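In: attaching a predicted model along with its sequence, questions to come.
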There are 2 protein chains.
Amino acid sequence: MNGAESLVQTLLGAGVDTCFANPGTSEMHFVAALDRIPGMRCVLALFEGVATGAADGYARLAGKPAATLLHCGPGLANGLANLHNARRAQSAVVNCVGDQATHHRVLDAPLTADTEGWARGASHWVRTARSAATVGADAAVAVQAARTGPGQVATLILPSDTCWDEGGVVAPPLPVPVAAAPAPTTIATIARLYPWDGATMLFLGGSALSERGLRAAARLAAGTGVQLRTPISNARMARGQGRLAIERLPYPVDAACAVLADVRHLILAGARAPVGFFAYPGKPGRLAPATAQVHELARPEQDAAAALEALADQLGLPDAAPPATPRPEPARGAITSEAFAQSLAALLPEQAVVVDESITFGRGFFRGTFGAAPHDWLQLCGGAIGEGLPLATGAAIGAPGRRLVTLQADGSALYTVQALWTQARERLDVTTVIFDNRRYAILQGELTAVGANPGRTALDMLDLGRPDIDWVRVAEGFGVPAARATDMATFNDLFAQSCARSGPFLIALAT
Amino acid sequence: MNGAESLVQTLLGAGVDTCFANPGTSEMHFVAALDRIPGMRCVLALFEGVATGAADGYARLAGKPAATLLHCGPGLANGLANLHNARRAQSAVVNCVGDQATHHRVLDAPLTADTEGWARGASHWVRTARSAATVGADAAVAVQAARTGPGQVATLILPSDTCWDEGGVVAPPLPVPVAAAPAPTTIATIARLYPWDGATMLFLGGSALSERGLRAAARLAAGTGVQLRTPISNARMARGQGRLAIERLPYPVDAACAVLADVRHLILAGARAPVGFFAYPGKPGRLAPATAQVHELARPEQDAAAALEALADQLGLPDAAPPATPRPEPARGAITSEAFAQSLAALLPEQAVVVDESITFGRGFFRGTFGAAPHDWLQLCGGAIGEGLPLATGAAIGAPGRRLVTLQADGSALYTVQALWTQARERLDVTTVIFDNRRYAILQGELTAVGANPGRTALDMLDLGRPDIDWVRVAEGFGVPAARATDMATFNDLFAQSCARSGPFLIALAT
């Protein structure tokens, strides 16, 4: 058995049975091993950022890691931005990177790079295999690292000779660490603060946003009057009919500070204390007022849902049904952000998975869709735009039978547009809505905020027109059927049709 | 004057007047400064790998660096693969990366990453600006570092407060170091070996492949009978009628070893001793036989053309006209690699610039085009595929008035396909030929070489069909007119028409 075979067998033994791949020459023994050993679903990506973003989406839905297969340092580099996003989302990824043979590195051939150095900034765990004999054990540790709760990016670098040499040994799966529940003393300390002195806010992230977490949060809200908020971006949130509706903190610093201005106790459950996405001259970085006391009920890597339950139990709070939000009728007429949210709330299929990289046009989508059928809502967590299409691709593979709906800003979509081809090839049930505003709208707002009165040069750098991108042709070029909508009635029809048929579809929405 | 303004003024003062940009929020003061201060041509890219690959291409033709403008660590990460290629090509790049404000880093906001750590592996020089007061001086050193011969990747990281704070100081340009000529003793030592004992080969790279270098190489070849070869990949090579035709070393290890088998003296002029692109079980990494003596006439960073001239002078060799290669007629009939090279040799416009990322289909193009009109030939130097379209984009801007011809494998084109849009927006005279074979042909060959008899899984990972990518639609979607050719006569017509009109055009060649 060679090293590559021990790698594949070890991954399969540990439950890793999906691989998002963009292989190269140094991975041919790995590919050959995948070919010989049944059980691994290999999904080809045309660009590494698609593979890594898909692995992020897969983990969020499947609840276990996929493997990636990338080619040398530069192939890893192409996947780093979405690994960064996966790391911020606490997604489990077994990131496999083939590399130059151990004895070939010294020759500094053209593709030789500092693969480990590049991996570190986007990984919780990095190891370079030293020989075929250890590859199996390395892979077992990588899976364990990836599954260390809620999830981590584990990068295993595989010099090609560690794959082709004989002497591979399959390693048994290692125990998966269970996400720790907060200590009873932590729960008790926070419970003792009740009734809280002044305005109190629960700031919820991670598993606090699961169905279970939201049930406990509903008990706390109904029983104590505590305010609830989530961070701007969340890896996965259960939403829709029958689930507690929670607002996010607004993205603009001033608006976020206004929401938090009167908070005296900020209780963190699976979320970090809120900070500005960027710094701005004269504006604060920490968004909670300096006078607020911050209490940590559950750290992001802990089981926040269990912590909320324990707190509600400690306070003796009964179950509470969340307030109902009516499901609206689809909107008609002109396309606006509000009208779009209304139609989405009306038409979203039961148990759909929404991937939201809508940026500026979509700031009202969240609030406008509380009344939709039960669904999950996924967001970009690391701020590196260009993850929406890959995230949906991987999530569709991790959640078969569920409709994926990607709400996608046009500028961001262009970073990893190649994901459409993988959706077509794998016949994934993904409806992509492109908000086709032909500009980096968020940057036009930011430039104005800087006090600049933008001239020709600045507008040229924030404008995606001249030529306008024809999204229908681009999608069709990659094998995804597509159509354009310039009013809500057309959108409603296209969206409903896309959800009723299998396979991917793209709607270019003129905004 | 704020830091951003001092940056722009310093760059312009040092002759850097072109910027390939994909900005984000943290770069808005930079954008505002570019807007206020005339003189910088800003070229927008839809993906950072397009910006960095374009900067590589620009430097190779313009002979001076462009700036880039990238957004935070993940934006840099998206540009790393083509920075790696630029570094290997010894191209001058002033790589500007905006980042979180100095005081905001500690808050670890979502886009915060190890920007410096990622930059190092692809840069010769890295610095993070500490304050607005030093940005000008930092930029002057960055330009000097980039222009240190023949060229380097200099990464300047700019926390947003160093751009928005007042107190910027414009720095005067620093002296550009001249590429050192080899020491006379080196020339004399190698000259003393003549007449060489046994087969001798000059291995030529860098400026040895300029018109001047080739004239000196022609004297040496005619006067001494020395064999001539170039590495597999070269940043820029003068070719065509009236220039010395030199073969490259073949890419396959066995073929390269066969070419070098009888060499007793290997004289390096601007090239490194040849090594295998990858390692293979049981095959050598160093391609020259162990019995060959290796002599270093000029290191890659030295002026190899001057070294060749000095050696020819020392040997007292007269000028020598290179052997003439006849210019063929265009090929007709079925599309083959040989037929394509023949048509290209026939139809290539005078002073065209060829960007060659043709991979497998193009292995015969080089030899088949010796008889073309005078032109320059550019290649991917770092092996990170996905540079062809960006390289041509930047080269077109660096060489106005010359027709760019991109010979582009389909699989590689898909990494950075967004470059087509920049070509359309800037109305660049680029003819892109996509070799549309719908597979990673090189990997199918490599997999077979591994001894595997590929099954379904392996073939799926090396196959770009199902669905076939419709290149005409993709190109048109990005605003580039396009057509498909399934025979040479159609290709000849499309190619000639594209060269006669201004702006970009794409030909999907069914191979």
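Out: Perfect, I can see it now.

In: and for A:Glu166, the neighbour number?
Out: When neighbours are defined as other Cβ atoms under 10 Å in any protein chain shown, A:Glu166 has 10 of them. Placement of C-beta: from N, CA and C, glycine included.

In: distance check, it against chain B.
Out: For A:Glu166, the distance to chain B (Cβ to the nearest Cβ, to the nearest Å) stands at 10 Å.

In: who's that residue bridged to?
Out: Here A:Glu166 sits in beta bridges with A:Asn2, going by DSSP bridges.

In: list, one by one, the residues from the stretch 101-250 of chain A near chain B.
Out: Counting by Cβ under 8 Å from any Cβ of the partner chain, the residues of the stretch 101-250 of chain A close to chain B are A:101, A:103-104, A:107-111, A:113-114, A:117-118, A:120-122, A:160-161, A:164, A:233.

In: any of those residues buried? List them.
Out: The neighbour-count test (16 or more other Cβ atoms under 10 Å in any protein chain shown) marks A:101, A:104, A:107, A:109-111, A:113, A:118, A:120-122, A:160-161, A:164, A:233 as buried among these.

In: what about the residue of the stretch 151-300 of chain A found nearest chain B, distance to B:Ala132?
Out: The stretch 151-300 of chain A approaches chain B most closely through A:Ala279 (3.7 Å), counting by Cβ to the nearest Cβ. Distance, A:Ala279 to B:Ala132, by Cβ to Cβ, to the nearest Å: 14 Å.

In: just A:Leu428 next, same as before
Out: To B:Ala132, A:Leu428 is 49 Å away according to Cβ to Cβ.

In: then A:Thr486?
Out: The gap separating A:Thr486 from B:Ala132 is 46 Å, by Cβ to Cβ.

In: domains of chain A?
Out: According to automatic domain parsing, chain A comprises the domains A:3-164, A:184-314, A:337-510.

In: okay, those domains in a markdown table with mean pLDDT next?
Out: Below are the domains of chain A laid out as a markdown table (pLDDT from 0 to 100):
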| stretch | mean pLDDT |
| --- | --- |
| domain A:3-164 | 97 |
| domain A:184-314 | 96 |
| domain A:337-510 | 95 |
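
In: quick one: the longest helix along chain A to chain centroid distance?
Out: When chain A is scanned for its longest helix (criterion: DSSP state H), the result is helix A:72-89. Distance, stretch centre to chain centre, for helix A:72-89: 13 Å (Cα atoms, centre = their mean, to the nearest Å).

In: returning to what we had before: so for B:Ala345, which of the domains of chain A sits nearest?
Out: domain A:3-164 (27.2 Å; Cβ to Cβ).

In: between the two ends of the closest one, how far is it?
Out: One end of domain A:3-164 to the other measures 6 Å (Cα to Cα, to the nearest Å).

In: off-centre distance for it?
Out: That offset, for domain A:3-164, works out to 19 Å (Cα atoms, centre = their mean).

In: with stretch A:273-287 instead?
Out: 23 Å.

In: again, but for stretch A:498-507
Out: Distance, centroid of stretch A:498-507 to centroid of chain: 22 Å (Cα atoms, centre = their mean).

In: now it: buried residues?
Out: Those would be A:Ser498, A:Cys499, A:Gly503, A:Pro504, A:Phe505, A:Leu506, A:Ile507, for stretch A:498-507 by 16+ other Cβ under 10 Å.
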